[in-house]
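Undergrad: Kindly generate the corresponding structure for this input.
(one chain, ligands or ions: 1)
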Amino acid sequence: MSSAPHLRLGINIDHVATIRNARGGPHPDPLRAAHMAARAGADGITLHLREDRRHIRDEDLEKFIAQVELPINLELAATEEMLDIALRHPTHAVCIVPEKREERTTEGGLDVARLHNSIAPMVRKLSTAGRRVSLFIEPDPIQLAVAEAMGAQVVELHTGAYAEAALDGKAEEAQTIVEKLAEAARIGTARGLEVHAGHGLTFDNVKPIAAIPELVELNIGHFIIGEAIFIGLEAAFARMRQLMDEARA
Ligand code: PXP
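TA: Predicted coordinates:
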């Protein structure tokens with residue numbers, strides 16, 4: 001009996017940096033989180049260098065490239081500044097995402113059909129420089145066709161709408177979106193694209209997505225970092241108690 005191929009897990013460590021930046025010091029260090037992800041079996045590390053640098057900063061990117069053993073997927077907006085940064089920093093992959101300054105998180109897929117004239121040259125320049133280019137898109141056949149025509153090697157399907165429907169208890173809507181994602185994964189694969197997915201995935205909602213056989217990689221961040229607070233909190237409390245007790249012993 002043959003088993004399904006390994007589904008790669010890309011860990012997005014942006015929100016370790018969010019917590020670090022709240023105090024302006026070096027702790028918690030996202031680099032340490034990346035090393036832990038590697039030890040725990042992650043297949044890649046994803047960083048989103050935002051225009052406003054609200055979490056990952058330029059110096060993080062430099063350190064990650066120098067010190068992280070896993071392939072790095074750099075997410076960025078389609079701007080000249082970000083293109084320049086991506087060309088100067090040799091990461092394994094670059095994922096182009098839509099970005100609005102006022103949004104809390106990426107709100108949807110990149111409309112590569114509408115933005116063709118600005119995205120296509122970026123894909124070309126990054127590919128020529130040896131980057132594996134990924135486009136973060138909605139599970140829509142037109143977006144997939146345009147992504148292929150632009151020469152992207154990878155598409156990442158936006159799972160945010162699915163995650164929201166699942167969270168709101170809208171099981172039928174969530175199932176409809178899973179079917180759309182599965183169909184997009186089939187179409188993308190048939191077009192020769194490597195198909196990834198991500199956004200809003202959690203312990204509760206990951207399985208229907210992970211079961212889509214054509215998907216090669218999932219990128220997951222906020223939930224894992226948030227959940228780590230609870231899974232790891234007892235150990236951190238206990239360690240501080242122990243150190244204080246030792247000082248008085
Ligand atoms: N994939 C892409 C393209 C993203 O922009 C993000 C969020 O930065 C993720 C995956 C991870 O989403 P989440 O943090 O909700 O797991």
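Undergrad: His92 versus the residue most central in space within the chain, what's the distance?
TA: For the chain, Asn219 is the residue whose C-alpha lies nearest the centre (C-alpha atoms, centre = their mean; 4.0 Å). In this structure, Asn219 and His92 are 13 Å apart, going by C-beta to C-beta, to the nearest Å. C-beta: built from backbone N, CA, C; applies to glycine.
Undergrad: tell me, what's touching those two both at once?
TA: Listed as contacting both Asn219 and His92 by C-beta atoms under 8 Å, 6 or more residues apart in numbering are 44, 73.
Undergrad: can you give me the strands for the chain?
TA: For the chain, strands defined by DSSP state E occupy the ranges 8-12, 44-48, 72-76, 93-96, 132-137, 154-158, 194-198, 217-220.
Undergrad: Buried ones in stretch 80-91, by neighbour count?
TA: 82-83, 85-87, 89, 91 (16 or more other C-beta atoms under 10 Å).
Undergrad: So which of these sit within helices?
TA: Within the buried residues of stretch 80-91, residues falling in helices by DSSP state H are 82-83, 85-87.
Undergrad: Tell me the one of those nearest Gly25?
TA: For those, the residue nearest Gly25 by C-beta to C-beta is Ile85; the value is 24.4 Å.
Undergrad: didn't the closest one look like it was pressed against Leu76?
TA: Yes - contact criterion C-beta atoms under 8 Å: Ile85 and Leu76 qualify, at 7.1 Å.
Undergrad: Mind listing the shared neighbours of those two?
TA: Between them, Ile85 and Leu76 share the contacting residues Leu49, judged by C-beta under 8 Å, 6+ apart.
Undergrad: now Glu148: how far from Ala22?
TA: With C-beta to C-beta as the criterion, Glu148 and Ala22 are 41 Å apart.
Undergrad: and if you look at Ala165?
TA: As judged by C-beta to C-beta, Ala165 and Ala22 stand 31 Å apart.
Undergrad: how far is stretch 118-134 from where the chain is centred?
TA: 18 Å (C-alpha atoms, centre = their mean, to the nearest Å).
Undergrad: is that stretch up against the ligand anywhere?
TA: No - Stretch 118-134 stays clear of the ligand (C-beta under 6 Å from any ligand atom), getting no nearer than 8.0 Å.
Undergrad: average pLDDT across that stretch?
TA: On average, the pLDDT along stretch 118-134 is 97.
Undergrad: which parts of that stretch are buried?
TA: 119-120, 122-123, 126-127, 131-134.
Undergrad: For it, which outside residues touch it?
TA: Stretch 118-134 has contacts (C-beta under 8 Å, 6+ apart) with 73, 78, 83, 86-87, 90-96, 110, 112, 135, 150-156, 196.
Undergrad: Could you rerun that using 7 Å?
TA: For stretch 118-134, contacts defined as C-beta atoms under 7 Å, 6 or more residues apart in numbering pick out 78, 83, 86-87, 91-96, 112, 150-156, 196.
Undergrad: filter these by proximity to the ligand?
TA: 95, 156.
Undergrad: List buried residues within the contacts of stretch 118-134.
TA: So, by 16+ other C-beta under 10 Å, the buried ones in the contacts of stretch 118-134 are 78, 83, 86-87, 91, 93-96, 112, 150, 152-156, 196.
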